[in-house]
Every structure is written in C-alpha cells, then in structure tokens.
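Participant: Provide a 3D model corresponding to the input given below.
(2 chains)
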Amino acid sequence: MNTLLSEEQLNDPVVLAIAIVVERIQKLAKADRDDLFELMETLHAAETDEEYKAAAHGMREVLKQIRVEVTEIKPVEPGQGLCKWMEYIGDRIRQARESAGLSQEGLAQKSGLTQSHVSRLEGKKHSPSHLTLERIAAALEIPISELDPSG
Amino acid sequence: MGKKNLKVGISVGQGRPPGYQWSVWVLNVAFKEAEFLRDEQYEHLVLQFQELARQEDPTHSDVVSVRAITPEEFHELRDKGGVLGKLNVRVFFGVDKDARAIVVLGAIKKENDGPTPRGDMIRMRSRWRKYHSGE
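Facilitator: Numbers count the residues shown, from 1 in each chain, chains lettered A, B, ... in the order given. Predicted coordinates:
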C-alpha cells in the first residue's frame, strides 16, 4: 500500500480505493497496462450497455491479473438433449433433400459440403451449425426456418 | 455428457484422439465463462470445435462460421439457432501451431448479429498473450 498516504487519507474509502488501483496499475506489465488504458478509452466511448459492460469486464480482468490454465477437451458423446435435436434435424434434412429429388451427393455438390458431412447429419451423428443449415437451405431453395424453426 | 462432467479427469498432453489433426484446449477462465450455456448447447459447440480439429487448417471451415479477428492473432467462431435458440454465441480461439492445439480463449453471448464489443476483443487478446507467456 502507498505509504505516502496520511492516516486521515487511509480512512477515506475513496482515497484508499484510488490508491489500491494506482498501486495495481504500477505493478502491471507494459502490455497489460496498454490493454487497460485501451479498455478505459473503450469504456469512455461506449455507446451501448453491451460495449460498456464488455470494457468494464476487461478492466476488472486486467487489474485482477488472472492466471490462465489449460485443460484439454476430449471428444463429447452428446447427451439426451442434443441427441433429440440431432434426430430432429437429421430427419428434416433428409426429408427436404428427398422432396427436392436430390441424392446426398447432389445436395453436397449444390451446398458446397462434402457427401460424408451430409451423411453424418442425416445419420444424426453431428449437430449442424447455422452456416451449414444456411448452405443446405440455399441449395434446396427453401427458407432456413423450414429446417430450423428456432430461428 | 454435460460441461460439468468434462472438467473431470482431463489433462493436457495425452495426444490427439484418432482422426483429429489438432487437440482442443480450453482456458480455465473460458470454462467459467461458458456457464451461461445449457449442457446441450455446450456439447453442440464442442462438436463444432471437433470439426475444426479434424481439418488441416482450423481457421477456415466450410461447415461452421469462423473469422479472423484483425489485427489480433486469434479467431472467432460464431453460431446461433438450433439448440442455441436465440443465443448468438461467439467463441474465441487461437491456434498454437507448435503444440498443434486449438486454444479456446473465451465465449460471449449476444442477443443480436452485431459486431463483437471491442472490450471483449481486448480481453481475449490479453488472455492469448498470457497463454503464450505462461502466466
């Protein structure tokens, strides 16, 4: 703590808070300090609540000097909730493809996906991203909402 | 398998599973940030990263939206709809070519398709730097 503060100042919570922040900033590495100052400018210029919160979150994280540790993610076995969705969307893609009179290979060619990817989707082995559904819907010339009602 | 279970019994350095060209690693702070996701949403996003991990170049994909965050040296995976519903999720990751690993830095949710807030990008940049420096 800053020993230049008088006893009276140490009893003032505002002065004390500022002293703590100043001390933390002084201890930051240059790159972290640069990040903090950029975040402060971002906070000042924020025009939306989202931008303000993101900048404030970043400032807290820099000042806290979090440590990063790494964990490996192993391949997942989808649980019941995701399996239910994969079954639904797999069937929807197959039905829409068959209605369009296309083979899996034909859908793959029109959508820019691989036939094996189309096969995995219809086989309920994978959960498609929004980009994938957009490509399939465009290839089948249907709105994406016909495949994914959540959108 | 839910996200809470994934935290158990996993470690770095055991090699890639067969069929994968890259390992997928995640920062502890990114795990905490992903708590807004339900289990099936988390699993869906892990599957998207598995797709990237199968590819020679995980920074470009035909099956999931990935874009470079410039001038930073990391990327953003965007997805929405399906099990994500109205959530517009952005997951940030870097590629450690030496370790042959995709490193997930963090995630945010948005209610719209708008740009990623600058504050989030700076925060991810800071994490990526700390990852490289081993802090």
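Participant: please, where are all the helices along chain A?
Facilitator: Using DSSP state H, the helices of chain A run over residues A:7-10, A:13-27, A:30-45, A:49-64, A:80-99, A:104-111, A:115-122, A:130-140.
Participant: which of those sits most buried?
Facilitator: Highest mean neighbour count of the helices of chain A: helix A:130-140, a mean of 21 (counted as mean count of other Cβ atoms under 10 Å in any protein chain shown). Where C-beta positions appear, they are placed from N, C-alpha and C, glycine not excepted.
Participant: circling back: out of the helices of chain A, which gets nearest to residue B:22?
Facilitator: helix A:115-122 (18.0 Å; Cβ to Cβ).
Participant: and the closest one, does that touch chain B?
Facilitator: Yes. Counting by Cβ under 8 Å from any Cβ of the partner chain, chain B is contacted by helix A:115-122 at residue A:117.
Participant: could you list every residue that touches the residue nearest the centre of chain B?
Facilitator: By Cα atoms, centre = their mean, the mean C-alpha position of chain B lies nearest to residue B:104, the distance being 3.7 Å. By Cβ atoms under 8 Å, 6 or more residues apart in numbering or on different chains, residue B:104 lies in contact with A:73, B:24, B:25, B:26, B:27, B:30, B:49, B:91, B:92, B:93.
Participant: what about it, helix or strand, and which?
Facilitator: For residue B:104, the element it lies in under DSSP states H and E is strand B:101-110.
Participant: the inter-axis angle of that strand versus helix A:49-64?
Facilitator: 130 degrees (axes from the mean of the first three to the mean of the last three Cα atoms, to 10 degrees).
Participant: strand B:101-110: what's the following helix or strand?
Facilitator: Assigned by DSSP H and E, the successor of strand B:101-110 is helix B:118-133.
Participant: any idea how far that following helix is from the middle of the chain?
Facilitator: Averaging C-alpha positions (Cα atoms, centre = their mean, to the nearest Å) puts helix B:118-133 13 Å from its chain's average.
Participant: again, but for stretch B:71-81
Facilitator: 8 Å.
Participant: repeat for stretch B:71-82
Facilitator: Counting by Cα atoms, centre = their mean, stretch B:71-82 is centred 8 Å from the centre of its parent chain.
Participant: give me the buried positions along the helix or strand harbouring residue B:42.
Facilitator: Assigning secondary structure by DSSP H and E places residue B:42 in helix B:39-54. With burial defined by 16 or more other Cβ atoms under 10 Å in any protein chain shown, the residues of helix B:39-54 counted as buried are B:39-53.
Participant: which among these gets closest to chain A?
Facilitator: Checking the buried residues of helix B:39-54 against chain A with Cβ to the nearest Cβ, the nearest one is residue B:40 at 3.4 Å.
Participant: the closest one reaches residue B:83, doesn't it?
Facilitator: Yes. Residue B:40 is within contact range of residue B:83, at 4.9 Å (criterion: Cβ atoms under 8 Å).
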